[in-house]
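Q: Based on what follows, work out the 3D shape:
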Amino acid sequence: MSADRYWEEDGIRTGGTIVKFYNHYLGGTVPYVPDGTVIATFGVGKLGSAGRAHQYGGMARPDLITLPSYTPPAGGTPILWGASLLRTGNTVYIYGTQSPKLSAPGHLLYLARVPVSQLTAFSAWRFYAGAGTWSAAQSDARPMQAGAHAASGFSVVQAGNRYWLIQAATAEVAPDIDAYPASTPWGPFHFTAGRLLYRDPAIGLDAAHDYRILYEARAEPALSTRNTLVISYNVNSEAVTTGCAPMSAFTNTLTLPRFVAVPMSAFGAGVGAHASQAKSGPAGYPQIVQQNPSQWFDAWSYADGCPPVPALTSARARPAAGRVTLSWPDAGLRLRYHVYLRGPGEPGDAPVKITLRTGVTITGLQSGDYQATVMPVNFKKQTGRAAKITFTVP
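A: Predicted structure coming up:
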């Protein structure tokens, strides 16, 4: 059984303490089921000492606060708090998300506020209850605005005398990072008045772009300056090989965080800055798919995320005294092959060899007649039609 998961959300420093939000997900496979929110508090000195520990990977153990979980009457997921934290004066606004359907894209926006000195005291939170009102009861929380859906990761910042919701475009696949204005922290955010902050030219769900997607764009105030807002975002690839091996099996550069610097003039009055004014570092994306494009596929095109396992059409055997060398044509990139052998002393019920190669030599065989079965198997242990061949060991 898969272990529970904690997904990192926003955080803030208050005095000598780092307050960090995490969303808890139950063990299991996709779609992951959210269970609620946990707040972790770290002393700044504790984090510093962990980073200088004598042993690699020094651990900082936080104090944990589990927030009461609440699911709106309409159902779906609980409200997950901490997607973004916005401090204005002595008040912290805590943005939350909720999905009426677990598998549906986009999230409803919720909001709470609390004095910064009481951020970890849930009883001090006040929840936006609609029409500019606030309530002490989480059950009174209402979505900030009807029909508004946020991405899985976003930030709300104050810039140019307005508040801006910054996020990756909510279309299924888009290379854009956008910003939407509001006159108050609780909105409404004007989704028809969005501004394009950055467009990553290496993103696209096709072979030319290695099936890359962009998600979870967030502002990074600690890295920003008076004139520039730094935004981080995540990249991944939906590319899988014929054998359903993911892109991460070929490069560790894919999921490294990306950063872009946006001039603060983009948030001024009038027309926003064009995306070309934003500056980014070198992309550093290795072109993997282009090395063998016929062997790569879009995982989203298949219900189980894997292309059908091809059949293995043939196999050859070269027997010799006490041994046999088997070979077969390559059926696809990163397929494994399970080799079964039936004959004297070989029951054939379990593979005698598992290999990524297109040939094996099996030794220690008795004289007699054999049947070899070579079965192609993908990354998720799905199988294709096997090739069989008979031979005689002298």
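Q: And the contacts of the helix or strand encompassing G96?
A: Using DSSP states H and E, G96 sits in strand 91-98. If you take C-beta atoms under 8 Å, 6 or more residues apart in numbering as the criterion, strand 91-98 is touched by 12, 21, 37, 71-72, 76-87, 107-116, 119, 125, 141, 143, 150, 152, 154, 156, 185-186. Where you see a C-beta, it was placed from the backbone N, CA and C, and this is true even at glycine.
Q: Where strands are concerned, which of those count?
A: When DSSP state E defines the strands, the subset of the contacts of strand 91-98 inside them is 12, 21, 37, 80-87, 108-115, 154, 156.
Q: Would you mind checking the contacts of strand 91-98 for buried ones?
A: Buried subset of those (neighbour count, 16 or more other C-beta atoms under 10 Å): 12, 21, 37, 72, 76-86, 107-114, 116, 119, 125, 141, 143, 150, 152, 154, 156, 185-186.
Q: Which secondary structure state is assigned to L197?
A: Counting by DSSP: H, G, I helix; E, B strand; the rest coil, the backbone at L197 sits in strand.
Q: Pull out the buried positions in stretch 134-154.
A: 134-135, 138, 141-145, 148-154.
Q: what about it, how long is it end to end?
A: 23 Å (C-alpha to C-alpha, to the nearest Å).
Q: who's in contact with T71?
A: 77-79, 98.
Q: State the distance from it to S139.
A: The spacing between T71 and S139, counted by C-beta to C-beta, to the nearest Å, is 10 Å.
Q: What count of nearby residues applies to A207?
A: By other C-beta atoms under 10 Å, 15 other residues sit near A207.
Q: cool, and V374?
A: When neighbours are defined as other C-beta under 10 Å, V374 has 26 of them.
Q: for D349, same thing?
A: Neighbourhood size, D349 [other C-beta under 10 Å]: 7.
Q: Let me know the helix or strand that it is in.
A: Going by DSSP H and E, D349 is not part of any helix or strand.
Q: Apart from its neighbours in sequence, what residue is nearest it?
A: Residue nearest to D349 in three dimensions, not counting chain neighbours: Y340, with 7.6 Å by C-beta to C-beta, 6 or more residues apart in numbering.
Q: Format the CA atom coordinates belonging to the helix or strand where the one you found lies as PDB.
A: Taking DSSP H and E as the definition, Y340 sits inside strand 336-343. Written as PDB, here are the backbone C-alpha positions of strand 336-343 (Å, rounded to 0.1, in the frame of the first residue of the first chain):
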ATOM      1  CA  ARG A 336      11.400  -5.600 -20.800                       C
ATOM      2  CA  TYR A 337      11.300  -9.200 -22.000                       C
ATOM      3  CA  HIS A 338      10.300 -12.100 -19.700                       C
ATOM      4  CA  VAL A 339      11.800 -15.400 -21.000                       C
ATOM      5  CA  TYR A 340      10.000 -18.600 -20.000                       C
ATOM      6  CA  LEU A 341      11.400 -22.000 -20.600                       C
ATOM      7  CA  ARG A 342       9.600 -25.400 -20.700                       C
ATOM      8  CA  GLY A 343      11.500 -28.600 -21.000                       C
END
